[in-house]
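Novice: Pasting a predicted model and its sequence here:
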Amino acid sequence: MTIRQGMLALLAEEPAHCYHLRVRFEERTGGTWPLNIGQVYTTVQRLVRDGLVETVPVEELAPVGSATARSAETSGSAESKSGADDGAPRGSAPQDVEQFRLTTAGRAAVDSWWATPVVRGTPGRDELAIKVALAVTSPGVDVRAIIQTQRTETMRALRDYTRLAGEQGSDLTWALVLDNLVFTTEAEVRWLDHVEARIARAGGGR
Amino acid sequence: MSAPVLLRMAGVARVHGQGEAAVHALRGINLEVRLGELVAVMGPSGSGKSTLLTLAGGLDTPTEGTVELAGEELSGLDQNRRARLRRRGVGYVFQDFNLIPALTAAENISLPRELDGISARKARREALAALEEVGLREVADRFPEEMSGGQRQRVAIARALVGPRRLLLADEPTGALDSLTGEDVMRILRARIDAGAAGLLVTHEARFAAWADRTVFLRDGVVVDSTGDRPGAESLLAVRPRA
């Protein structure tokens, strides 16, 4: 999910300050994708430029103590893991900054996002895939050893994610985030198994 | 202090056949499983996983090396004593549950205890307690066909650790279950191990092997690596949400 679409989805619920957007984004994604306030501010400015978001006129501003403000003020999540670099005030939301809301076009963009599958697009450069691909054709490299070393490390990660999942309570958001990590890591193990079998079949099990 | 070792395999090898036709199913296996520990075994088909499980449970004997269960070396026992130790000490969980269709859940669990010579009443009491521990007290009088796959496997886990049995040997226990049910079964299995048993889990599914304390990898009958049981990288724990 891009930050842009995340911000639009949150603004579809209610108008908010950039500060609150950051806090709520982290709360809603299990704290797995921390943002700094600069990223949020830049994203919202671009959404305003594109006509998807607008500033709430001063006379329509939500009163202090609204649901959003309360959420931010009571949440420990406001203390971002990446937060040391953003210079944002701690513990309470700044009251003298702009509030933003969706325009009609912005609401349509959110509806369209929910209705459209995520396109995988061009795969990013994956160090492991590149490493294995190069190892297969590099003389004197023990590919099976490389695969086994990686499999052990990936299994270790999978075990740790599974332990975290076992410790989690009834927080559905956090459970879904962990499930994603578990399934992604499992896929890597399965891919390594497959690579090993394919190399063995090709007679290149060196 | 470390928990006591329940299963110890030292220098274990198993060769099928002789001469040129000999197949080395396992070679130089050294493995310890302690009480409270679950060890997963992974490896491609033909790597020796099932042979390892068979030897660990005393259903077969190694051609080299020793297998000790609760301090007793299995190959040093005559057939009857080995069978008794196996019946009292080891429980199995299979992919296809292996429950007897004509017996209820409680009867499936109490049968091996009755074969051990304890009274039917005491065996039933133990069976009900075992069902309670896997959260299935309510299915005690149901037949296997009246239960879901997940319930059947939980009954099998209860049977595997009924009475004094402490070593659980599981061969693809989640193979016939959907993703969430498989997870439920692993959670129960893990809890039963944590409560004072030891387990050896053969699986080809990394996601379920991840419930183990460590995973050993077999290839061509040899242990090629192990995850060890040290905690994971700090970076992993960084994904944990703040309280």
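Specialist: Received it, and whenever you're ready, just let me know what you need.
Novice: And chain A, what are its domain boundaries?
Specialist: Using automatic domain parsing, the domains assigned to chain A come out as A:3-115, A:127-201.
Novice: Just the mean pLDDT for the last one, thanks.
Specialist: So the one you mean is domain A:127-201. Per-residue pLDDT over domain A:127-201 has a mean of 88.
Novice: now check it, is it near chain B?
Specialist: Yes - Domain A:127-201 comes into contact with chain B when judged by Cβ under 8 Å from any Cβ of the partner chain, the residues involved being A:148-149, A:151-152, A:154-162, A:164, A:166, A:171, A:174, A:177-178, A:181-183, A:185-186, A:189-190, A:193, A:196-197. Bear in mind the C-beta positions are built from the backbone N, C-alpha and C, glycine included.
Novice: Would you tell me which helix is longest in chain A?
Specialist: If each helix of chain A is counted by residues according to DSSP state H, the longest one is helix A:172-201.
Novice: Which residues in it does the neighbour count mark as buried?
Specialist: Neighbour counts over helix A:172-201 (16 or more other Cβ atoms under 10 Å in any protein chain shown) mark A:174, A:177-178, A:181-182, A:185-186, A:188-189, A:191-193, A:195-196, A:199 as buried.
Novice: and it, what does it pack onto?
Specialist: Helices and strands in packing contact with helix A:172-201 are listed as helix A:127-137, helix A:143-167, helix B:206-209; criterion 3 or more Cβ pairs under 8 Å, 6 or more residues apart in numbering or on different chains; DSSP states H and E.
Novice: could you give the angle of the longest one to helix A:127-137?
Specialist: It stands for helix A:143-167. Here helix A:143-167 runs at 160 degrees with respect to helix A:127-137, directions being taken by axes from the mean of the first three to the mean of the last three Cα atoms, to 10 degrees.
Novice: and helix A:143-167, how far out from the chain's middle?
Specialist: Taking Cα atoms, centre = their mean, to the nearest Å, the mean C-alpha location of helix A:143-167 is offset from the chain mean by 21 Å.
Novice: give me phi/psi at residue B:225?
Specialist: The main-chain torsion angles of residue B:225 are listed as degrees, to the nearest 10 and equal phi -170, psi 170.
Novice: For it, give the beta-bridge partners.
Specialist: Beta-bridge partners for residue B:225, by DSSP bridges, are residue B:217.
Novice: Now do the strands in chain B.
Specialist: Taking DSSP state E as the criterion, chain B carries its strands at B:5-16, B:23-34, B:38-42, B:64-69, B:72-73, B:90-94, B:167-171, B:198-202, B:214-219, B:222-226.
Novice: In a markdown table: those, plus mean neighbour count.
Specialist: Supplementary listing: the strands of chain B in a markdown table, determined by neighbours: other Cβ atoms under 10 Å in any protein chain shown:
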| stretch | mean neighbour count |
| --- | --- |
| strand B:5-16 | 18 |
| strand B:23-34 | 18 |
| strand B:38-42 | 25 |
| strand B:64-69 | 18 |
| strand B:72-73 | 13 |
| strand B:90-94 | 23 |
| strand B:167-171 | 24 |
| strand B:198-202 | 26 |
| strand B:214-219 | 22 |
| strand B:222-226 | 17 |
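Novice: Can I get the ones you listed in TSV including mean pLDDT?
Specialist: Formatted as TSV, the strands of chain B follow (pLDDT from 0 to 100):
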stretch	mean pLDDT
strand B:5-16	96
strand B:23-34	95
strand B:38-42	96
strand B:64-69	95
strand B:72-73	92
strand B:90-94	92
strand B:167-171	95
strand B:198-202	96
strand B:214-219	94
strand B:222-226	92
